[in-house]
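Undergrad: Below are the sequence and a predicted model for it; my questions follow.
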Amino acid sequence: MSKLSLATVWLDGCSGCHMSFLDMDERLLELAEAVDVVYSPLVDAKDYPDQVDIALVEGAVASVDDEKKIAKIRAHTKTLVAMGDCAITGNVPSMRNPIGPQAILERAYIENVTAQPQIPCVVVPRLLKVVRPIHEYVKVDVYLPGCPPSADTFYAAIKALIKGEPLDIAALTRFGA
Amino acid sequence: MSPVETDVKTLVIDGKEVSAHAGQTILEVARENEIAIPTLCQLDGLSNVGACRLCLIEIKGSNKLLPACVTAVQEGMEVVTSSERLLKHRRTILELLFAERNHICSVCVSNGRCELQSMGQQLGLTHIRLPYRNPDLKVDASHERFTVDHNRCILCMRCVRACAEIEGAHVWDTMGRGINTIVITDLHEEWGESSCTRCGKCVQVCPTGALFEKNKIGADHPKSPDFLPYLNMMREAQ
């Protein structure tokens, strides 16, 4: 059997889901026999491949950049997995929603800064008015809640996805787990 | 000979024949017979208000779904407590609760001990299909011992009932209508400035992290609402 391609993506999140993914430790070697990691903050590929079997997406959609990325990922992915609470609920990044990006930027880059206070406007992407979960932009196939989902949750879920077996998410994890 | 008047009713719940006293609710009778109906606002020791609608059940011959906690048993009733239709409605109710305010489990004092969170898991909720409202809500930390975070309130009215019915203080009540409803202390005074007796019963009965004790989080913050039936029983005995 040829290997499946696996991508992991980091949108607006803390990378804690990726850390928890790595916490699978030696079980990563077992998974590596069934999948190739073709795109990830953990590997060198710069562009999202044309055909990806499974994509694990961490983080909410918070900037114009995230918006473009999630559309591209969806277009080139068979099974899109919302990984962790940020991708699923907006979680911590969404706590700015009642306040709005302008007030947040001013607080961080003007009010609390003494040397050359200025709001960054080049290179960094523009923030969206509201942080939203990825399923409000694209169709999501599998939801893996948790902040972060545990290594055991990752292992059980990815194994089931590789084998095409049914998955009882609620038995594995929950919001805030 | 006319049948003897009795106050015993017989009915069927989920295909099981059960008997009950007149005046008992469907929820009480179901629980006596180990038939679980999910609830959030209901709490043993407090009056029933049917605020959360999670305990909706089907009754044969009626198109309406009725809340089991405030529906009295009737002779010959045929009740269904779980079906695809009911599960769909219960999940939607939970999704509405999650979408209505800012429930960020990962940073909540009650993470891991929240009745809303565990009910979501129990009913297999993996995401919220409705768009989040992200309302701008306040946190009142004016009380020396307790805090109310309206972002996490599900308007179950347990605090209002515990304060009025058990403590007899009726400091908590509600203000506004529909989606704009919030719980308030006195006539919308700050909690710290209110006539609160500082008993803490409201905090113990709160199913989420909306009411919590200061300086306590997560594992330090188990809530024990089970003192209510005991308190009621001891008071009745006096």
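TA: Good, I have the coordinates.
Undergrad: Phi and psi next, for residue A:146.
TA: phi 130, psi 150 (degrees, to the nearest 10).
Undergrad: wait, I meant residue B:63
TA: phi -80, psi -20.
Undergrad: One more: residue A:53?
TA: According to degrees, to the nearest 10, residue A:53 has phi -80, psi -50.
Undergrad: bridging residues for the residue lying closest to it once chain neighbours are set aside?
TA: Of all residues beyond its chain neighbours, the one nearest residue A:53 is residue A:4 (4.2 Å), with distances taken as Cβ to Cβ, 6 or more residues apart in numbering or on different chains. For every residue, glycine as well, the C-beta is placed using N, CA and C. Residue A:4 forms beta bridges with residue A:35, as assigned by DSSP bridges.
Undergrad: In contact with residue A:4, which residues?
TA: A:34, A:35, A:36, A:53, A:54, A:162 (Cβ atoms under 8 Å, 6 or more residues apart in numbering or on different chains).
Undergrad: Just flag the most distant two among those residues.
TA: In the contacts of residue A:4, two members sit farther apart than any others by Cβ to Cβ. They are A:36 and A:162, at 11.8 Å.
Undergrad: Please identify which of the two sits among more neighbours.
TA: Taking neighbours as other Cβ atoms under 10 Å in any protein chain shown, residue A:36 and residue A:162 compare with residue A:162 leading, 18 against 13.
Undergrad: what's the closest non-adjacent residue to the more buried one?
TA: According to Cβ to Cβ, 6+ apart, the nearest residue to residue A:162 is residue A:34 (4.9 Å).
Undergrad: residues near that neighbour, how many?
TA: 15.
Undergrad: for residue B:209, same thing?
TA: Neighbour tally, residue B:209, other Cβ under 10 Å: 27.
Undergrad: Tell me which helix or strand it sits in.
TA: For residue B:209, there is no enclosing helix or strand under DSSP states H and E.
Undergrad: got the contacts of residue A:4 as TSV, with pLDDT and distance to residue B:178 columns?
TA: Below are the contacts of residue A:4 laid out as TSV (pLDDT from 0 to 100; distance: Cβ to Cβ, whole Å):
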residue	pLDDT	distance to residue B:178
A:34	97	52
A:35	97	49
A:36	96	53
A:53	98	46
A:54	98	43
A:162	96	47
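Undergrad: Let me see the confidence value for the residue in chain A that chain B sits nearest to.
TA: Scanning chain A for the residue nearest chain B gives residue A:176, at 2.6 Å (criterion: Cβ to the nearest Cβ). Here, the pLDDT recorded for residue A:176 equals 94.
Undergrad: what ranges do the strands span in chain B?
TA: B:8-13, B:16-21, B:56-59, B:65-67, B:78-80, B:139-140, B:146-149, B:172-175, B:182-185, B:211-213 (DSSP state E).
Undergrad: near chain A, which residues of chain B?
TA: B:98, B:102-108, B:111-112, B:117-118, B:120-129, B:131-132, B:134-137 (Cβ under 8 Å from any Cβ of the partner chain).
Undergrad: These, buried ones only, as a PyMOL selection?
TA: In PyMOL, a selection of the buried entries from the residues of chain B next to chain A looks like this (16 or more other Cβ atoms under 10 Å in any protein chain shown):
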select buried, chain B and resi 98+102+103+104+105+106+108+111+117+120+121+123+125+126+127+128+132+134
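Undergrad: Narrow the residues of chain B next to chain A to those in helices?
TA: Counting by DSSP state H, those place B:98, B:117, B:118, B:120, B:121, B:122 in helices.
Undergrad: Please report how far the fifth one lies from residue A:145.
TA: Spelled out, it's residue B:121. Distance, residue B:121 to residue A:145, by Cβ to Cβ, to the nearest Å: 9 Å.
Undergrad: shared neighbours, those two?
TA: With Cβ under 8 Å, 6+ apart as the test, residue B:121 and residue A:145 both reach A:174, A:175.
Undergrad: Of all residues in chain A, which one is nearest the centre?
TA: Nearest to the mean C-alpha position of chain A, by Cα atoms, centre = their mean, lies residue A:58 at 1.2 Å.
Undergrad: Just grab the bridge partners of that residue for me.
TA: residue A:10, residue A:83.
Undergrad: Spit out the contact partners of residue 8.
TA: Picked chain A for this. Contacts of residue A:8 (Cβ under 8 Å, 6+ apart): A:18, A:21, A:37, A:39, A:40, A:41, A:42, A:55, A:56, A:57, A:58, A:83.
Undergrad: my bad, chain B
TA: Per Cβ under 8 Å, 6+ apart, neighbours of residue B:8: B:19, B:20, B:21, B:22.
Undergrad: Show me which of the residues you listed is closest to chain A.
TA: Closest to chain A, out of all of these and judged by Cβ to the nearest Cβ, is residue B:20, at 32.4 Å.
Undergrad: number of nearby residues for the closest one?
TA: Residue B:20: 24 neighbours (other Cβ under 10 Å).
Undergrad: List the residues that contact it.
TA: Applying Cβ under 8 Å, 6+ apart, the residues near residue B:20 are B:8, B:9, B:10, B:11, B:28, B:29, B:32, B:73.
Undergrad: Check the residue nearest to residue A:53 and give its pLDDT.
TA: 97.
Undergrad: Then the one 3 residues further on?
TA: Among the per-residue scores, residue A:7 shows a pLDDT of 98.
Undergrad: List the buried residues in the one helix or strand it maps to.
TA: Counting by DSSP H and E, the element that carries residue A:7 is strand A:4-10. Within strand A:4-10, the residues that count as buried by 16+ other Cβ under 10 Å are A:4, A:5, A:6, A:7, A:8, A:9, A:10.
Undergrad: How about the third one, nearest residue that isn't a chain neighbour?
TA: Right, residue A:6. Nearest to residue A:6 is residue A:35, by Cβ to Cβ, 6+ apart, at 4.2 Å.
Undergrad: who's in contact with the one you found?
TA: A:3, A:4, A:5, A:6, A:53, A:54, A:158, A:162.
Undergrad: What of residue B:163?
TA: B:169, B:170, B:171, B:172, B:201, B:202.
Undergrad: measure residue A:132 to residue A:42 for me?
TA: 26 Å.
Undergrad: Settle it for me: which of these two has more neighbours?
TA: Between residue A:132 and residue A:42, counted using other Cβ under 10 Å, residue A:132 has the larger neighbour count: 23 against 11.
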